[in-house]
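Colleague: Below: sequence and its predicted model.
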Amino acid sequence: MMPGYSLDRPTSPDAVERGVLRRQEIEDVGVLDEGSPADLELISRIAAAALKVPITHVSFLDGDRQWVRAAVGIDRMEVPLEDSFCIHAIEAGEMLVVEDAANDVRFAQSKYVTGDPHVRFYAGAPLFTNNQVAIGTLCAIDHSRRCFTAEQRAILNDLAELAMHQIELGRAALVDGLTGSWNRRMLARVATAEFGRSARSGRTFSIAMLDLDHFKQLNDTFGHGAGDDVLVRFTEVIRAHLRPEDWLFRLGGEEFGVLIVHAGVEEASNVIDRIRGALAAEGPVAQTKPVTFSAGVGEHRPGTGEPDTLKSMLERADRALYRAKEAGRDRTVCVETPRFQN
């Protein structure tokens, strides 16, 4: 960047909050978990051919970094926000066109302009989720300065909308159709990300398994329509009383999972018991009888001597759930991760 010019928005309080929101949306759609979706690779190739540029890519940005994905003409990589062209498009909330980066005060001294890949022309269209959060861009880049016509702008915008549509279709495949909760597939993605964070930072997290008490009897007595209504209201109460960073999953039937980040079993148990109290005060009833649930909680702690997995965590939580049912239901039972001697 030019001396005296700085991009202060990514580090301002509002920008930090927007970065956290972008990260949450990125985790929701799961675009960084399993490589570049084939549809995004195809869209990048179409953009390169239609706009006649040597470089195109789909990128995603949180509060710290830009991940270059689905790229044509460059390798996938991570870019600090202070070196990013795309953050300007994200912050503006509209397409950014830089016809000559070498003569633009924001970018003239960028290492990506003065060195490889020698960016001279840049156009980036923001990718907006259904929640109207801009999480990334579809970019077209050239090594020479050039004009960008109204028709070319329309092509880039249309392809950006198509890319986001494909991303949202992927999100829909991760959601339970009845309750709007995440499904088992999403649990596997989120847990993988949490194991990675735990390995890097030592952060603890817990998984709770929740099972509605006597739900089969409720279905048999009042019908499946009434049962569905209870499930929907049950999940509404849970979501209203979880922290924004925690996750709710429907595992099947009347069984749910809650992943509680940065929390051991004691704190996780407190979260679940707050939900229990809210359910008693705000939740559904079957005729005049309150709906209750049993819960088992297991935690992951790094450095316990044996590799932990989602399967082993769910098994521990399931054993604790069984104990809660055996003890009379409508209660939470916790099981700690065993400690191993080195």
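Modeller: Received the coordinates, thanks.

Colleague: what residues are up against Thr332?
Modeller: By C-beta atoms under 8 Å, 6 or more residues apart in numbering, the contact list for Thr332 reads Ala208, Ser269, Ile272, Asp273, Arg276, Ser294, Ala295, Gly296, Val297, Ala324. (Each C-beta comes from the backbone N, C-alpha and C, glycine too.)

Colleague: Pull the number of nearby residues for His57.
Modeller: 29 (other C-beta atoms under 10 Å).

Colleague: so it makes contact with Asp75?
Modeller: No - His57 lies out of contact with Asp75 (C-beta atoms under 8 Å); the separation is 9.8 Å.

Colleague: list residues touching both of those two?
Modeller: Val68.

Colleague: could the contacts of Thr332 go into CSV alongside distance to Val98, secondary structure and neighbour count?
Modeller: Listed next are these as CSV, based on distance: C-beta to C-beta, whole Å; DSSP: H, G, I helix; E, B strand; the rest coil; neighbours: other C-beta atoms under 10 Å:
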residue, distance to Val98, secondary structure, neighbour count
Ala208, 49, strand, 27
Ser269, 53, helix, 21
Ile272, 51, helix, 25
Asp273, 54, helix, 13
Arg276, 55, helix, 21
Ser294, 58, strand, 24
Ala295, 53, strand, 26
Gly296, 55, strand, 26
Val297, 51, strand, 30
Ala324, 59, helix, 24
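
Colleague: Make CSV out of these and add distance to Val105.
Modeller: As requested, these are exported to CSV (distance: C-beta to C-beta, whole Å):
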residue, distance to Val105
Ala208, 52
Ser269, 55
Ile272, 53
Asp273, 56
Arg276, 57
Ser294, 62
Ala295, 57
Gly296, 58
Val297, 54
Ala324, 63
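
Colleague: got CSV for those residues, with distance to Met95 and pLDDT too?
Modeller: Below are these laid out as CSV (distance: C-beta to C-beta, whole Å; pLDDT from 0 to 100):
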residue, distance to Met95, pLDDT
Ala208, 44, 97
Ser269, 49, 93
Ile272, 45, 95
Asp273, 49, 92
Arg276, 49, 93
Ser294, 52, 96
Ala295, 48, 96
Gly296, 50, 96
Val297, 47, 96
Ala324, 54, 95
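
Colleague: What is the neighbour count of Cys86?
Modeller: Residues lying near Cys86 (other C-beta under 10 Å) number 26.

Colleague: what sits up against the one helix or strand in the chain whose mean pLDDT sits lowest?
Modeller: In the chain, the helix or strand scored least confidently by mean pLDDT, DSSP states H and E is strand 285-286, which has a mean of 72. With C-beta under 8 Å, 6+ apart as the test, strand 285-286 has contacts from Leu218, Thr221, Phe222, Ala226, Val230, Val291.
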